[in-house]
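**Q** sequence and computational prediction follow.
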There are 2 protein chains.
Amino acid sequence: MSPKRVDEQAILDAAAEEFAEKGFSGARVDEIAKRAGINKAMLYYRVGDKEELYRRVVLRGQQGFQNAIMEAIESTNTAPDTVASILKGITENAAENRLMPSIILREIAGNAKTLPEEGREGLNRFMNTIRSMVTMGIEEGTFRNIDPTALQFMVTGAIFTLSLTSEMRRELNSDNPGPVTPDQITESIRDILLHGILKNGDEK
Amino acid sequence: MSPKRVDEQAILDAAAEEFAEKGFSGARVDEIAKRAGINKAMLYYRVGDKEELYRRVVLRGQQGFQNAIMEAIESTNTAPDTVASILKGITENAAENRLMPSIILREIAGNAKTLPEEGREGLNRFMNTIRSMVTMGIEEGTFRNIDPTALQFMVTGAIFTLSLTSEMRRELNSDNPGPVTPDQITESIRDILLHGILKNGDEK
DNA sequence: CCTATATTTAACTAAACGGTTAAACTATTT
DNA sequence: AAATAGTTTAACCGTTTAGTTAAATATAGG
């Protein structure tokens, strides 16, 4: 009873690109339609207005992000392994879905004012997961008594900014760009985090 | 030969707020004028168009940022002290000038496409400064052979995201918000970075 | 105190934008 | 092949936006 439907995922892909590149205000609904190869009115028919489009993009991206972390946690036993695994999971997810770091960073910059409520809840769950994982490591005696929140933001902040600037760093300083591939990013962060930067255990 | 001039710094302050809150595209020129207590046409007379306004805001903020780092470096001798000092300098600068982290994070999210050329150069100088500082620490034997770029983005990424989310974290999870004051942020990052998270030096 | 000059603004403009609608189209069902 | 129901679009609308302009206002020098 109907002709071939427009692929809804393709619409969200186009929207994600536009939102990632230009932010919510900068994104143009006409441009999203153009990227998706359809008419603007089609967007409203299939998905909804600009806000709904954004909501769907954020939620879809967050889902993938969360799945990656959950898998990373479940596949390991010890706390250090879990940290390394989460690191790898987030970095790879950020590389596959290059658009989400950009969207999340913009949300942070704008005090998450445009972040849908479900996204906020997901963020909270994510933070609690990390916290309990670190607390476990502290309790089992593998970790020092570090601040879990600080660790979490060091990890995500570093991964997102390193991933997003990898191209820029190659252009700006081609012979010394720092870590650019997902593996290089994972390894350089893991190295600093797990070993710490000082050569001799203590410094105080 | 003239009535009381409009304070140009006040215009840039207003512009910085608007750009930080809503990004370049989201910022409204009328709103900037309103915040500065003047008419929109005055902006064009005193500073220039929206792009020029943005350019001036970015350059001014970057200047303060850079000064803070230079002071931090010059006031210390050993590499670990310098790292701690830079950490403190950036965090305090981010707290005083709460708007710049937001603007910088948005630039990173958008591949620095709206970043003025001078800003790009400043960024490059900043990265080289950090790199040489870390290299010094490695050569003098205080640091392990870490990746300077990774360290830099761990530090800035963590500081910016922690600073920008401090309010949100208090609202979202008031009894466990993590580090919120500049001192708490500095200390929690310093603790993880300098000591590393593992209790026993090695883990491999 | 008047004139030249710098400053300020209300009102305007053209373009861009998000969103709507009514009509056209397509394919399945009967 | 006519009816039906889902799909697609061109054209349009009202609003918002960055940017301009011409006229008004305020200040300092002569």
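**A** Sure, I can see it.
**Q** sketch out the low-pLDDT regions of chain A for me.
**A** For chain A, applying pLDDT under 70 flags the ranges A:1-6, A:200-204.
**Q** torsion angles phi and psi at the residue in chain A that chain B sits nearest to?
**A** Here the residue of chain A nearest chain B is residue A:196; by CB to the nearest CB that distance is 2.0 Å. C-beta: built from backbone N, CA, C; applies to glycine. The phi/psi pair for residue A:196 (degrees, to the nearest 10) reads phi 80, psi 160.
**Q** give the contact list for it.
**A** B:144, B:192, B:193, B:194, B:195, B:196, B:197, B:198 (CB atoms under 8 Å, 6 or more residues apart in numbering or on different chains).
**Q** tell me the spacing between it and DNA strand D.
**A** In this view, residue A:196 and DNA strand D are 47 Å apart by CB to the nearest atom of the strand, to the nearest Å.
**Q** residue A:11 too?
**A** Residue A:11 is 10 Å from DNA strand D, by CB to the nearest atom of the strand.
**Q** what does residue A:80 give?
**A** From residue A:80 to DNA strand D the distance is 49 Å (CB to the nearest atom of the strand).
**Q** and what of residue A:163?
**A** In terms of CB to the nearest atom of the strand, residue A:163 sits 30 Å off from DNA strand D.
**Q** quick check: closest non-adjacent residue to that residue.
**A** Leaving out its chain neighbours, the residue that sits closest to residue A:163 by CB to CB, 6 or more residues apart in numbering or on different chains is residue A:94, at 4.6 Å.
**Q** ok, for residue A:26, nearest residue in space, not its chain neighbours?
**A** Nearest non-adjacent residue to residue A:26 (CB to CB, 6+ apart): residue B:25, at 3.3 Å.
**Q** DNA strand C versus that neighbour, what's the distance?
**A** Between residue B:25 and DNA strand C the distance is 8 Å, computed by CB to the nearest atom of the strand.
**Q** may I see the buried residues of the strand or helix carrying that residue?
**A** Using DSSP states H and E, residue B:25 sits in helix B:8-26. Judged by neighbour count (16 or more other CB atoms under 10 Å in any protein chain shown), helix B:8-26 contains these buried residues: B:11-26.
**Q** C-alpha coordinates for it, PDB please?
**A** Taking C-alpha atoms only, helix B:8-26 is exported to PDB below (Å, rounded to 0.1, in the frame of the first residue of the first chain):
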ATOM      1  CA  GLU B   8      34.600  48.800  24.300                       C
ATOM      2  CA  GLN B   9      35.500  46.100  26.900                       C
ATOM      3  CA  ALA B  10      31.900  46.100  28.000                       C
ATOM      4  CA  ILE B  11      30.800  45.300  24.500                       C
ATOM      5  CA  LEU B  12      33.300  42.400  24.200                       C
ATOM      6  CA  ASP B  13      32.100  41.200  27.600                       C
ATOM      7  CA  ALA B  14      28.600  41.100  26.400                       C
ATOM      8  CA  ALA B  15      29.600  39.500  23.200                       C
ATOM      9  CA  ALA B  16      31.600  36.800  25.000                       C
ATOM     10  CA  GLU B  17      28.600  35.900  27.200                       C
ATOM     11  CA  GLU B  18      26.300  35.600  24.200                       C
ATOM     12  CA  PHE B  19      28.800  33.600  22.100                       C
ATOM     13  CA  ALA B  20      29.600  31.300  25.000                       C
ATOM     14  CA  GLU B  21      26.000  30.600  25.800                       C
ATOM     15  CA  LYS B  22      24.700  30.100  22.300                       C
ATOM     16  CA  GLY B  23      27.700  29.700  19.900                       C
ATOM     17  CA  PHE B  24      28.500  31.800  16.900                       C
ATOM     18  CA  SER B  25      25.300  31.000  14.900                       C
ATOM     19  CA  GLY B  26      23.100  31.000  18.000                       C
END
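**Q** packing partners of that helix?
**A** helix A:8-26, helix A:99-109, helix B:29-36, helix B:40-46, helix B:50-74, helix B:99-109 (3 or more CB pairs under 8 Å, 6 or more residues apart in numbering or on different chains; DSSP states H and E).
**Q** which outside residues touch the first one?
**A** Where contact means CB under 8 Å, 6+ apart, the residues beyond helix A:8-26 that reach it are A:27-28, A:31-33, A:35-38, A:43, A:46-47, A:50, A:53-54, A:56-57, A:60-61, A:98-100, A:102-103, A:106, A:114, B:22-26, B:106, B:109-111, B:113.
**Q** out of the residues you listed, which touch DNA strand D?
**A** With respect to DNA strand D, and counting by CB under 7 Å from any atom of the strand, the subset of those in contact is A:38, A:46.
**Q** whichever of the contacts of helix A:8-26 end up buried, select them in ChimeraX.
**A** To isolate the buried members of the contacts of helix A:8-26 in ChimeraX, using 16+ other CB under 10 Å:
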select /A:27,31,32,33,35,36,38,43,46,47,50,53,54,56,57,60,61,98,99,100,102,103,106,114 /B:22,23,24,25,26,106,109,110
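**Q** next one: the helix holding residue B:25 to chain centre, how far?
**A** How far helix B:8-26 lies from its chain's middle: 15 Å, per CA atoms, centre = their mean, to the nearest Å.
**Q** okay, the angle between the host helix or strand of the residue nearest to residue A:163 and helix A:50-74?
**A** Residue A:94 belongs to helix A:79-96 when assigned by DSSP H and E. Relative orientation of helix A:79-96 and helix A:50-74, computed by axes from the mean of the first three to the mean of the last three CA atoms, to 10 degrees: 150 degrees.
**Q** buried stuff in helix A:79-96?
**A** Result for helix A:79-96 [16+ other CB under 10 Å]: buried residues A:79-80, A:82-95.
**Q** how far does that helix sit from the chain's center?
**A** Counting by CA atoms, centre = their mean, helix A:79-96 comes out at 11 Å from the chain centroid.
**Q** swap in stretch A:132-146?
**A** The answer for stretch A:132-146 is 24 Å, by CA atoms, centre = their mean.
**Q** next: stretch A:182-202.
**A** Distance of stretch A:182-202 from its chain centroid, counting by CA atoms, centre = their mean, is 21 Å.
**Q** for stretch A:64-76, same thing?
**A** Computed by CA atoms, centre = their mean, the chain-centroid distance of stretch A:64-76 equals 13 Å.
**Q** could you pull out the buried residues of that stretch?
**A** Neighbour-count burial for stretch A:64-76 [16+ other CB under 10 Å]: A:65, A:66, A:68, A:69, A:72, A:73, A:76.
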